[in-house]
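Q: What follows is a protein structure lacking sequence information:
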């Protein structure tokens, strides 16, 4: 079972994947291998649904089932909190730099 940090990484990869699909494959930053591994894990946990079409070239449609949508909302809320709190986090880090 992945830890919380790994789960966050998985959702970042999934977010990149959906962005890549929405932009016609132009969003990047994640290798195809890492993407495939992560999507497979997320599918195995019931957090995404994948439907492979039997066509050439291969085509897969992805969607979020209710469990995945619920998790995505929570990750989005955490991301928003981190972004809003980043100045405080960085200030705290700077004040403790020499310790």
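A: Noted; the coordinates are in hand. In this text, all values refer to a predicted model and were calculated from it rather than measured experimentally.
Q: hang on, residue 51 in a helix?
A: No - the assignment for residue 51 is strand, going by DSSP: H, G, I helix; E, B strand; the rest coil, so no helix is present there.
Q: burial measure for the closest residue to it other than its chain neighbours, as a count.
A: The shortest distance from residue 51 to any non-neighbouring residue, by Cβ to Cβ, 6 or more residues apart in numbering, is to residue 61 (4.7 Å). For glycine as for every other residue, the C-beta is placed from the backbone atoms N, C-alpha and C. Neighbour count for residue 61, taken as other Cβ atoms under 10 Å: 10.
Q: and residue 61, that one's in a strand?
A: Yes - secondary structure of residue 61 (three-state DSSP): part of a strand.
Q: Make 252 the first number, not 1, from now on.
A: Noted, 252 is the first residue going forward, which turns the last one into residue 312.
Q: Would you check how far apart it and residue 347 are?
A: 47 Å (Cβ to Cβ, to the nearest Å).
Q: returning to what we had before: can you tell me how far the residue nearest to residue 302 is from residue 339?
A: 41 Å.
Q: Kindly report the same for residue 282.
A: Distance of residue 282 to residue 339, given as Cβ to Cβ: 34 Å.
Q: how many degrees apart are the helix ranked longest in the chain and strand 300-304 in direction?
A: Taking DSSP state H as the criterion, the chain has its longest helix at helix 317-346. Orientation check (axes from the mean of the first three to the mean of the last three Cα atoms, to 10 degrees): helix 317-346 against strand 300-304 gives 120 degrees.
Q: In helix 317-346, which residues are buried?
A: 319, 322, 323, 326 (16 or more other Cβ atoms under 10 Å).
Q: Can you pull out the low-pLDDT segments for this protein?
A: Residues of the chain meeting the criterion pLDDT under 70: 252-281.
Q: if we can go back for a sec, for the buried residues of helix 317-346, give me TSV that also has distance to residue 290.
A: Output for the buried residues of helix 317-346, formatted as TSV (distance: Cβ to Cβ, whole Å):
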residue	distance to residue 290
319	11
322	14
323	14
326	16
